[in-house]
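Asker: 3D, please:
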Amino acid sequence: MEHLDVVIVGAGLSGIGAAVHLGERCPTKRYAILEARPTLGGTWDLFRYPGIRSDSDMHTLGYSFKPWRAKKAIADGPAILDYMNETASENDVRRHIRFRQALKSASWSSEQARWTLEIERTDTSDRVQLTCNFLSMCSGYFNYAEPHDPQFEGISKFRGEVVHPQFWPENLDFKGRRVVVIGSGATAMTLVPAMAEDAAHVTMLQRSPSYVVSRPAEDGIANTLRKFLPEKLAYRLTRFKNVQLQRFMYRRTRVAPEMVKERLLGMVREELGPDFDVDKHFTPRYNPWDQRLCLVPDGDLFEAIRSGRASVVTDEIDSLTESGISLKGGEEVEADIIVTATGLKLQLLSDVEFLVDGNKVNFPETYTYKGLMFSGVPNLVQTFGYINASWTLRADITSEFVCRVLNRMDELGTLICVPQLREEDKSMPELPWIDDFTPGYMQRQMHLFPKQSDRAPWRNTQNYLLDKKMIRRAPIEDGVLQFQAQDS
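Answerer: Here you go, the predicted structure:
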């Protein structure tokens with residue numbers, strides 16, 4: 001059976017970045033990337049709906065080691081996919097990717113100090129096995145095969161087309177047709193202005209509003225710095241600037257939520273004018289950053305609404321009818337196409353079954369170690385980014401941590417590293433893996449995730465500056481992460 005030092009699961013933004021870090025910092029390690037799909041790209045290859053784009057600036061969503069060169073900082077999906085492909089080619093990553101290979105189960109043996117991986121070929125359903133010493137899960141956080149489905153009553157009656165953004169039909173023709181987009185998150189706010197360019201009319205139908213902020217698609221400071229400074233220095237300065245802005249904005253929402261709320265709503269009123277009912281359609285029931293803010297580049301959503309090509313309806317759905325959607329308020333919204341932008345279904349570790357020495361791992365019973373490992377589970381790291389900043393900021397420092405651990409194991413001559421609860425940790429309070437964040441897609445699945453607590457290193461801080469201290473700079477050997485030889 002083939003044996004590798006490291007297996008990375010997922011060839012998306014996190015997996016490609018993890019491979020580059022591994023190649024640079026641990027050049028002697030033999031590794032492979034398992035990717036269930038036929039191409040790299042992950043989210044940015046899966047989603048093909050009109051207007052697909054980042055909802056973070058690419059100077060922080062991009063890799064720390066590879067400058068983002070395009071003028072637009074809020075980039076579309078194809079541009080991000082090009083960036084990832086370029087990264088893979090420049091760093092000789094592509095030859096390590098094994099496409100159409102989905103990890104189904106992973107079984108750890110302390111005696112052998114290795115994982116045995118059960119892998120399914122997605123094109124043939126054949127099963128293969130390989131072993132590795134270290135497993136890096138970079139497969140994202142949502143179910144690629146099954147989105148959240150709220151089960152709308154009467155959906156079979158509707159005579160038009162119903163589509164979900166996660167499975168966008170390649171040849172869907174919406175030109176001159178009436179479209180209803182159900183949802184109020186980032187996907188809906190991307191779809192509405194993009195489809196409004198060709199549709200007869202697009203209605204964004206939402207049960208409740210989200211906070212929306214307009215931002216220029218181009219970062220003028222970044223583009224100016226790039227003209228006068230070396231590329232990497234300009235990128236580093238822009239990245240620092242944007243991280244600080246993200247941090248400042250988030251902190252203001254925590255200490256002065258009402259002030260931030262009024263500012264955000266004031267900006268919407270400036271965009272839509274005095275006759276638009278901002279209180280009804282753009283004033284959420286929660287405070288800013290209790291759920292993620294929705295970014296609209298260059299105010300494209302507001303422009304579509306002002307032009308009359310798009311509109312917003314805020315009400316609950318009673319049922320679908322032959323010609324559209326009947327609302328609980330009594331109104332009916334007519335449609336030829338209904339887009340159910342109703343959210344993702346979270347999934348921990350790609351729903352892979354994990355066993356340690358023959359015992360199935362029940363992750364909700366574990367504590368998260370620094371937001372990236374699990375108490376009592378050896379040689380396993382999960383990459384999960386930020387909910388209040390760009391995903392890749394955390395993916396980068398997670399990859400750096402993996403490399404530090406691997407190199408330290410080599411220095412010590414050990415093959416096993418495992419976070420273990422100390423005696424004083426066993427009575428610490430149990431807190432949700434992500435706290436103080438209320439969107440439905442998180443709350444529906446949070447019971448499947450490990451716990452965190454109120455003390456380091458059993459915290460999932462969601463704070464980039466704290467994580468840099470706790471993950472990047474803190475000593476690897478902290479009395480919790482145990483380095484062991486294999487069992488004899």
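Asker: Near residue 414, how many other residues are there?
Answerer: By the criterion of other C-beta atoms under 10 Å, residue 414 has 15 neighbours. C-betas here are computed from N, CA, C, even on glycine.
Asker: for it, what are its contacts?
Answerer: 483-485 (C-beta atoms under 8 Å, 6 or more residues apart in numbering).
Asker: Pull the number of nearby residues for residue 306.
Answerer: 14.
Asker: contacting residues for the closest residue to it other than its chain neighbours?
Answerer: Distances taken as C-beta to C-beta, 6 or more residues apart in numbering place residue 272 nearest to residue 306, at 6.7 Å, with adjacent residues excluded. Counting by C-beta under 8 Å, 6+ apart, residue 272 makes contact with 278, 282, 302, 305-306.
Asker: Which SSE is immediately downstream of the longest strand seen in the chain?
Answerer: Criterion DSSP state E: the longest strand present in the chain is strand 127-137. As assigned by DSSP states H and E, the chain's next helix or strand after strand 127-137 is strand 161-163.
Asker: how far away is residue 399 from residue 22?
Answerer: 7 Å (C-beta to C-beta, to the nearest Å).
Asker: Just want to know which of the two has more residues nearby.
Answerer: Shown here are residue 399 and residue 22; by other C-beta under 10 Å, residue 399 has more neighbours (29 against 24).
Asker: what about the more buried one, helix or strand, and which?
Answerer: Element membership for residue 399, per DSSP H and E: helix 391-412.
Asker: Just the CA trace of that helix, in CSV.
Answerer: Provided in CSV are the C-alpha atoms of helix 391-412 (Å, rounded to 0.1, in the frame of the first residue of the first chain):
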residue,chain,number,x,y,z
TRP,A,391,-10.9,33.0,4.9
THR,A,392,-7.4,32.9,3.7
LEU,A,393,-5.9,34.9,6.5
ARG,A,394,-6.5,31.9,8.8
ALA,A,395,-5.8,29.3,6.2
ASP,A,396,-2.3,30.8,5.8
ILE,A,397,-1.4,30.7,9.5
THR,A,398,-3.0,27.2,9.8
SER,A,399,-0.7,25.9,7.0
GLU,A,400,2.3,27.6,8.7
PHE,A,401,1.4,25.8,11.9
VAL,A,402,1.2,22.4,10.2
CYS,A,403,4.7,22.9,8.8
ARG,A,404,6.1,24.0,12.2
VAL,A,405,4.6,20.8,13.8
LEU,A,406,6.0,18.6,11.0
ASN,A,407,9.5,20.1,11.3
ARG,A,408,9.4,19.8,15.1
MET,A,409,8.4,16.1,14.9
ASP,A,410,11.4,15.6,12.7
GLU,A,411,13.7,17.4,15.2
LEU,A,412,12.4,15.3,18.1
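Asker: now for the longest helix seen in the chain, which elements pack on it?
Answerer: Longest helix in the chain by number of residues (criterion: DSSP state H): helix 231-255. With contacts defined as 3 or more C-beta pairs under 8 Å, 6 or more residues apart in numbering; DSSP states H and E, the packing partners of helix 231-255 are helix 58-61, helix 220-228, helix 257-272, helix 464-467.
Asker: That helix to helix 257-272, inter-axis angle?
Answerer: 110 degrees (axes from the mean of the first three to the mean of the last three C-alpha atoms, to 10 degrees).
Asker: Give me the contacts around helix 231-255.
Answerer: So helix 231-255 is contacted by 57, 59-60, 62, 64, 67-69, 219, 221-222, 225-226, 228-229, 259-260, 287-289, 388-390, 393, 464-465 (C-beta under 8 Å, 6+ apart).
Asker: I'd like to know which of those residues are buried.
Answerer: Those of the contacts of helix 231-255 that meet the buried threshold are 57, 59-60, 62, 64, 67-68, 219, 222, 225-226, 260, 288-289, 388-390, 393, 464, by 16 or more other C-beta atoms under 10 Å.
Asker: Strands - which of the contacts of residue 414 land there?
Answerer: Counting by DSSP E, the contacts of residue 414 place 483-484 in strands.
Asker: Just send the contacts of residue 414 back as JSON lines, with neighbour count too.
Answerer: What follows is these, written out as JSON lines (neighbours: other C-beta atoms under 10 Å):
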{"residue": "483", "neighbour count": "17"}
{"residue": "484", "neighbour count": "16"}
{"residue": "485", "neighbour count": "11"}
